[in-house]
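# Sequence plus the predicted model coming up.
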Amino acid sequence: MKLGSVLRWGAPALAAGLLIAATAYAQDAAAPAAAAEAAPTVNKGDTTWMMISSVLVLLMTIPGLALFYGGLVRAKNMLSVLMQVSTIACLMMVVWVIYGYSLAFGDGGAFIGDFSKVFLAGITPDSTSATFTKGVAIPEYVFVCFQMTFAAITPGLIIGGFAERIKFSAAILFAVLWGTFVYFPVAHMVWSANGMVFGWGGLDFAGGTVVHINSGVAALVGAILLGKRTGYGKDIIAPHNLPMTLIGAGLLWVGWFGFNAGSNLEANGVTTLALLNTFVATAAAGLVWMFVEWGAKGKPSMLGLASGVVAGLVAITPAAGLSGPMGAMVLGGVAAVVCFIFCTSVKNALGYDDSLDVFGIHGIGGIIGAIGTGIVVSPDLGGVGVADYTMAGQVLTQIKAVAVTVVWTGVGSLILFKIVDVLVGLRVTVDAEQEGLDIISHGEQAYHAS
Amino acid sequence: MKLGSVLRWGAPALAAGLLIAATAYAQDAAAPAAAAEAAPTVNKGDTTWMMISSVLVLLMTIPGLALFYGGLVRAKNMLSVLMQVSTIACLMMVVWVIYGYSLAFGDGGAFIGDFSKVFLAGITPDSTSATFTKGVAIPEYVFVCFQMTFAAITPGLIIGGFAERIKFSAAILFAVLWGTFVYFPVAHMVWSANGMVFGWGGLDFAGGTVVHINSGVAALVGAILLGKRTGYGKDIIAPHNLPMTLIGAGLLWVGWFGFNAGSNLEANGVTTLALLNTFVATAAAGLVWMFVEWGAKGKPSMLGLASGVVAGLVAITPAAGLSGPMGAMVLGGVAAVVCFIFCTSVKNALGYDDSLDVFGIHGIGGIIGAIGTGIVVSPDLGGVGVADYTMAGQVLTQIKAVAVTVVWTGVGSLILFKIVDVLVGLRVTVDAEQEGLDIISHGEQAYHAS
Amino acid sequence: MKLGSVLRWGAPALAAGLLIAATAYAQDAAAPAAAAEAAPTVNKGDTTWMMISSVLVLLMTIPGLALFYGGLVRAKNMLSVLMQVSTIACLMMVVWVIYGYSLAFGDGGAFIGDFSKVFLAGITPDSTSATFTKGVAIPEYVFVCFQMTFAAITPGLIIGGFAERIKFSAAILFAVLWGTFVYFPVAHMVWSANGMVFGWGGLDFAGGTVVHINSGVAALVGAILLGKRTGYGKDIIAPHNLPMTLIGAGLLWVGWFGFNAGSNLEANGVTTLALLNTFVATAAAGLVWMFVEWGAKGKPSMLGLASGVVAGLVAITPAAGLSGPMGAMVLGGVAAVVCFIFCTSVKNALGYDDSLDVFGIHGIGGIIGAIGTGIVVSPDLGGVGVADYTMAGQVLTQIKAVAVTVVWTGVGSLILFKIVDVLVGLRVTVDAEQEGLDIISHGEQAYHAS
Amino acid sequence: MKLVMAIIKPFKLDEVRDALTGIGVHGLTVTEVKGYGRQKGHTEIYRGAEYAVSFLPKLKIEVAVVASAVDSVIEAIASAAKTGQIGDGKIFVYAIDQAVRIRTGETDNDAL
Amino acid sequence: MKLVMAIIKPFKLDEVRDALTGIGVHGLTVTEVKGYGRQKGHTEIYRGAEYAVSFLPKLKIEVAVVASAVDSVIEAIASAAKTGQIGDGKIFVYAIDQAVRIRTGETDNDAL
Amino acid sequence: MKLVMAIIKPFKLDEVRDALTGIGVHGLTVTEVKGYGRQKGHTEIYRGAEYAVSFLPKLKIEVAVVASAVDSVIEAIASAAKTGQIGDGKIFVYAIDQAVRIRTGETDNDAL
Ligand SMILES: Nc1ncnc2c1ncn2[C@@H]1O[C@H](COP(=O)(O)OP(=O)(O)O)[C@@H](O)[C@H]1O
Ligand SMILES: Nc1ncnc2c1ncn2[C@@H]1O[C@H](COP(=O)(O)OP(=O)(O)O)[C@@H](O)[C@H]1O
Ligand SMILES: Nc1ncnc2c1ncn2[C@@H]1O[C@H](COP(=O)(O)OP(=O)(O)O)[C@@H](O)[C@H]1O
């Protein structure tokens, strides 16, 4: 089947990638650190903004994402979802300060950073990180925090793809491996000054490729590998608590302002544009999903609105500070339509069980957003523009960035799932699924009537 | 009945108002734009504060207000409430950037702005908006965002008046019309430099008239027009989930700091006063409601405390940066007592069914606050004072502002409800009410046991 | 029994303390106010940070702490917990601006402040408070707000010790008395420039002693005095809604950034260190609790993770801006292990019923944190260091500070509980316990199925 | 003694209770149940998943009465619970051999 | 065979279960119900709306036993569930014709 | 007329419903219950408190049928609900004297 062939051409690609990365690293290690000439100024307004942005991304994760996902599963699996999202976030935070930050943002080469900052070596309250404005810096600790929250939420997004059937040990082991071998390299390639995609001029304002395509594809791979939930397509598998999902969606939106507008690293005019776009692209996407569903299925649903909201947030992520507000609304709307079609028809046609539509929303919405960024950044369409912009050229670059990410995470995830399967096994038994993961894996129940 | 007579004298009043507005607009359009001499400075601390304030007002709305309201209805209508609040917020955001901002804050005349900024024409990341301090500005995009969140929450407040029985299509159509023909004009009159009430010297720090009286009266009109819920006064119609209501009340309070202290547009000493008042007026009001209820009904209830908290927040809104902390506590306490009496006795005596006491809390609390602002602003009472202050004079101005708002929204809402009734019908059938709006309107259920 | 003997030596100690305090106050009142020479500068970035920090601490309390606790009790007592936490917060806010701020931060003596700032006398929007950096100040109103939120949450923490059985009137009366006679003095001793512990050089960055040990010990005293819940150790007394507890834990974590990083009073590099530590100590503690439980009990539970998270937050509180990130993780991890052992074994062995493990987590975690701060502050271990640091010396000072706090709050709480018992009685009847406090004390039910 | 068990629409509970107290019945027990019958349910849609829900919320009422009262109890319930629309529910009657009031130990007719 | 159905106060469940296992009964089924009877309820107030709530939470216990065991079962339940205060509940007994254990297909007394 | 009451595992509901409609039974009532029996439960741990939970979620199905249909109903339920593992549940049958369809007033066999 398909997986086999993916493996056939993907594994060598990954191996090659790792080799190049290693070489690049070796070369680069010789180069002098290129930071901090003529002490840059730190503005307390920026520092405050970045601190609050970091806090907002945590809010997105716990309780935001945890609740958004948790409300969608059956009551007997509620805690397992809350637990997976939370545990993975904690693990990634610890991993981040031990070696993740260094691998992602250490100088390194085109594919990966280095080990120069393991255990945050050398960073003090006086260390600073550059922003996108010459001469303006922020305390490095807050940059560490901000990026840490991204590393903490991204692997957590994946677990929605195979919720209600994965072993807890498998979920957290996979997350740490994936963070290490997939997320850190991709983050480096896209965001580090000497990363490969960054070098191409690929645009990703706040993580469309790094976070959403990356996790969406991994979720798809996982959903296929683990197989469908017992009873899928036969029993009623309805969300057990949609109000929780709405709380989650609301907190995701609220927190996403930190995610998107925080990605500007400063509190200036562009930041406020990113803020505005994160309002209006989201609102437009929520409405479009709702109205399309109303037309197609006869009723507008709350889950539809919430799904559109998330699709819009995903799509505007790479374009947040680059598009104008009108372009942002169009981008959000387009993503909502495509994701709607994907989640309601294409997925059923293909027949895999991506429990919470992680690929359908984060993967597909991320791809729409990443490619669309190449369009809406156009000054002719109200975007802020970039140097030497041509629409065709930029779109091509964006597609290349998407392709690299899809391949890297697709192949990498496949290998890592196989490894985890060998080490601890991926899936619980059918009996355990019937009893529910809360009791089986965690010895607890979410709700007690009295 | 009463509605007829309101219509009789109200409709001409509104028509006259619109006429004057149109004239004023025509005259004003000739005047030169009076902004931006000698480039004002933008402080990143202010920008950060206004960004976070905007985010906080979204938090108030989704999930805050949605949960506060949602917990109070029956389980079968939970999603309908969450959905109405959320959809209306999204719609108003889109409307806001298309024409709302221009109508509310475009120069225009005494009653309404103009179309000079439709689609946010001419605004860039470098555009700025003036603050209340000469020479200090904030990026215009963040001003657009901040005011957008006000426009997004206000029509959502109204739906509490006729929750559990309105058609979804009617709710959202009304919201957009009301936003356009009632909210934008009132916002312009009160907050725009050339608005009529602003010209009178009417004080409304953060939206007591524009947001609370405005929506409270509209809710009353809607509650009367739609009629009582089936079973009202006969069946037990108890809140289905008070913990949700507490989460909502907590998030309303948390978000309200953005609403109130953000309204100062800067992060200075007055902002911190507004912050403090939003703590203590609220706390005092919550306690007063609780103790009064304890005395009058024998037990202090959590819903009572939460209701007092909201009443306090409403009452301090117009006075947030104008009153001293002691005046704020008194204002909150007085509002709590009056709202308590209104919600527990007057409403029952009058016999209309304002499902979630929108008029009883936002309308009445807003009126107490708006008029009380004229008193507590007095430097003799610890307030910050305003130029040429006399208590009698200021109170009179405040009453005039309240009267204008009540008439405008009362008559406007009545007309708009009638229009919506003709277009899509206001109310669901009795059968649909019995089955619940979640299934009937949205094809979903909030909770599934398994 | 034990209580008797505590009383025997404790009561004179407290009396002596009060006497000394009174004397110190008399002496000090004569000294000139030592504030505000050469007008310090106020930075809007700092002001914004402190405003948002204050808001975050409210978020920790309502709905954060309320939900964390509420999810752990049985459904029939849900509202009573929400209500106690919320009412106490409101009461303390009002008390704070009336006399609390003055008692805690008025000059006064070594033990307590004075009455110079009752009703916030003399404070205006232009008043400032010093920060830890010479020449940098923040508006005094925001300092009042920030500290107010600490006073509001601390007595609320206590009620977890005797949840599900205390009279509402007793809970709130105790809270106000405890705030007045225990919290304000301890806050003064530890944080005021002329406080006794501050004078010793005791380190408490954000309230390990003042907030956590202080409340944890009070909760223990209360748990013992009120006796066990009816059915304790016999009936199943399981958390009724763990998802609520997770929401609470998430909001506690989110809000705690305001608590910890806000305690630096500025937005500088040290603040970002406190931010980072509040991420990683917490993550490490959550994981350690979870893995230890997994080993010891066979399954990792969500409540375990959440408990570890809170234990980590408690432990890092005194050390937030003083430890390096690696030291912070170790401190969090150690606290998690000790608290785990305490809550799962020691408590059962001792046989008292601290319903929500306030002593086991806040008391024990606070002691670990307070003493550990003396260690991890060491520059050799990556800490920021303090003047004249020797590890032994600092640890000794920390132990002295802990001892003072334990004695003051232990004896003070005992006396105050006795007084409250005489005035209104502490405990509801067994029948009331069986029916549930929501109906008995508040005339409401948390949930209605329809 | 007989036990009358009725399945009714949930919003009819108060009327049925009042009808029963009106004829001197002062004790009953209510259970939330789901009913499957001729009354058709509704469709729920959650993203791509559509479910036909055919179990509808009903209440089960159980009343133990002396045999001679059965007819008036049936009559009271039936007329209070009737809307005339499909799904109004059923009444079933069966015999009970013994009854005990736990508090007093009274038995049979005295226990009802 | 008989089926013993008891309505009891919720917090008495564990004692009743223990009493029954004490006399060799090892299967039973429990349902959450609401009871209306002489025990008075409480008043709930939500802002201006006051409701007298007269349905109180109870548990229904159903135990199928051989006819000869009925008296000891009644005795066990009654003494374990008794508080002596109003609202302790009722026990009703009725005959069952057949019983089947689904797993094994055993019938009647073997199925209990 | 007879009433067939079955205690089954929750996830077997749809199969049982289909089996019953397959033999022409078009009405039934379902209740969520907790069962205590030989099937062992699980342990829950909440910090220091460990609880052995011995009541497991089950569904109770009640179907009123004409006496002659009882055997086929039992057969349908038993085969649909069987997993062969402990805890599959029980079926109990008892006689009912009267049945009434509230909507129409039809009685007895016509009311089923
Ligand atoms: N044979 C039956 N046995 C048990 N309960 C039944 C039976 N038939 C119907 N019911 C119950 O009665 C309810 C109403 O039945 P339905 O056929 O929908 O309408 P009607 O009462 O108008 O005939 C069902 O939802 C179910 O709970
Ligand atoms: N006639 C009856 N039929 C069915 N259930 C009854 C009947 N009478 C009482 N009950 C049940 O028994 C419970 C207790 O009855 P109540 O009259 O309150 O007190 P007591 O058991 O002390 O007489 C009720 O709540 C109800 O559930
Ligand atoms: N004597 C009984 N009376 C009533 N219900 C019973 C009885 N015995 C068992 N049950 C119900 O049947 C369910 C299954 O019984 P159990 O002994 O666990 O397994 P099995 O059905 O395989 O014998 C129990 O959970 C309980 O609900």
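That came in fine, so what should we check first? Ligands and ions are numbered 1, 2, ... in the order given.

# can we go C-alpha only for contacts and neighbour counts from here?
Will do.

# how much space is there between the residue of chain D most remote from its centre and chain E?
The centre of chain D is farthest from one residue, D:G48, which by CA atoms, centre = their mean lies 37.3 Å away. Distance of D:G48 to chain E, given as CA to the nearest CA, to the nearest Å: 35 Å.

# same question, D:E106
10 Å.

# ok so, going back, show me the residues around the residue farthest from the centre of chain D that make contact.
By CA atoms under 8 Å, 6 or more residues apart in numbering or on different chains, the residues touching D:G48 are A:343-345, A:347-348.

# These, buried ones only, as a PyMOL selection?
Selecting the buried subset of the contacts of D:G48 in PyMOL, with 16 or more other CA atoms under 10 Å in any protein chain shown as the burial test, is done by:
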select buried, chain A and resi 343+344+347
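
# Now secondary structure too, for the contacts of D:G48, in JSON lines please.
Output for the contacts of D:G48, formatted as JSON lines (DSSP: H, G, I helix; E, B strand; the rest coil):
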{"residue": "A:C343", "secondary structure": "helix"}
{"residue": "A:T344", "secondary structure": "helix"}
{"residue": "A:S345", "secondary structure": "helix"}
{"residue": "A:K347", "secondary structure": "helix"}
{"residue": "A:N348", "secondary structure": "helix"}
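
# Go through the contacts of D:G48 and name the one nearest chain B.
A:T344 (15.1 Å; CA to the nearest CA).

# Do a quick rundown of the strands in chain D.
D:2-8, D:28-36, D:42-46, D:49-53, D:56-65, D:90-95, D:98-101 (DSSP state E).

# Say whether ligand 2 is contacted by the longest one.
I take that to be strand D:56-65. Yes: legend: contact between strand D:56-65 and ligand 2 by CA under 6 Å from any ligand atom is shown at D:62-65.

# for the first one, same thing?
No: contact between strand D:2-8 and ligand 2 is absent, the nearest approach being 7.4 Å (criterion: CA under 6 Å from any ligand atom).

# Show me how far that strand is from its chain's centre.
5 Å (CA atoms, centre = their mean, to the nearest Å).

# Other residues contacting stretch A:375-383?
A:319, A:322-328, A:331, A:384-386, A:389, A:391, A:394-395.

# And the pLDDT at residue 42?
Since no chain was named, I'll use chain A. Looking at A:V42, its pLDDT reads 97.

# nope, chain D
So D:H42 comes in at 94 (pLDDT).

# Now do the contacts for the residue of the stretch 151-300 of chain A found nearest chain F.
Closest residue of the stretch 151-300 of chain A to chain F, CA to the nearest CA: A:D235 (7.7 Å). Listed by CA under 8 Å, 6+ apart, the contact partners of A:D235 are F:D14.

# Is stretch D:12-26 in proximity to chain E?
Yes: using CA under 8 Å from any CA of the partner chain, we find that stretch D:12-26 touches chain E at D:H26.

# rewinding a little: which one of the residues of strand D:56-65 next to ligand 2 is nearest to chain B?
Nearest to chain B among the residues of strand D:56-65 next to ligand 2, with distances taken as CA to the nearest CA, is D:E62, at 21.1 Å.

# Can you name the residues bridging to the residue lying closest to that closest one once chain neighbours are set aside?
With sequence-adjacent residues excluded and distances taken as CA to CA, 6 or more residues apart in numbering or on different chains, D:E62 is closest to D:M5, at 4.5 Å. Under the criterion DSSP bridges, D:M5 forms beta bridges with D:E62, D:F92.

# Give me the pLDDT value at D:M5.
In this model, D:M5 is scored at 98, pLDDT.

# repeat for D:D18
Confidence score, pLDDT, at D:D18: 95.

# That one: neighbour count?
Applying other CA atoms under 10 Å in any protein chain shown, we find 16 residues neighbouring D:D18.

# before we move on, back to that, now distance to C:G64 and mean neighbour count too, for the strands of chain D, in a markdown table please.
Listed next are those as a markdown table, based on distance: least, CA to CA, whole Å; neighbours: other CA atoms under 10 Å in any protein chain shown:
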| stretch | distance to C:G64 | mean neighbour count |
| --- | --- | --- |
| strand D:2-8 | 42 | 24 |
| strand D:28-36 | 33 | 21 |
| strand D:42-46 | 30 | 18 |
| strand D:49-53 | 34 | 15 |
| strand D:56-65 | 35 | 22 |
| strand D:90-95 | 48 | 23 |
| strand D:98-101 | 47 | 22 |
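
# element containing the closest residue to A:I440 other than its chain neighbours, please.
The spatial neighbour of A:I440 that comes closest, neighbours along the chain excluded (CA to CA, 6+ apart), is A:A432 at 6.1 Å. Assigned by DSSP states H and E, A:A432 falls within helix A:430-435.

# mind listing what's buried in that helix?
Buried residues in helix A:430-435 (16+ other CA under 10 Å): A:432-434.

# Render the CA-only coordinates of it in PDB, please.
Provided in PDB are the C-alpha atoms of helix A:430-435 (Å, rounded to 0.1, in the frame of the first residue of the first chain):
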ATOM      1  CA  VAL A 430     -10.000  -3.400  21.900                       C
ATOM      2  CA  ASP A 431     -11.200  -4.200  25.400                       C
ATOM      3  CA  ALA A 432      -9.200  -1.200  26.700                       C
ATOM      4  CA  GLU A 433     -10.700   1.000  24.000                       C
ATOM      5  CA  GLN A 434     -14.200  -0.200  25.000                       C
ATOM      6  CA  GLU A 435     -13.600   0.500  28.700                       C
END
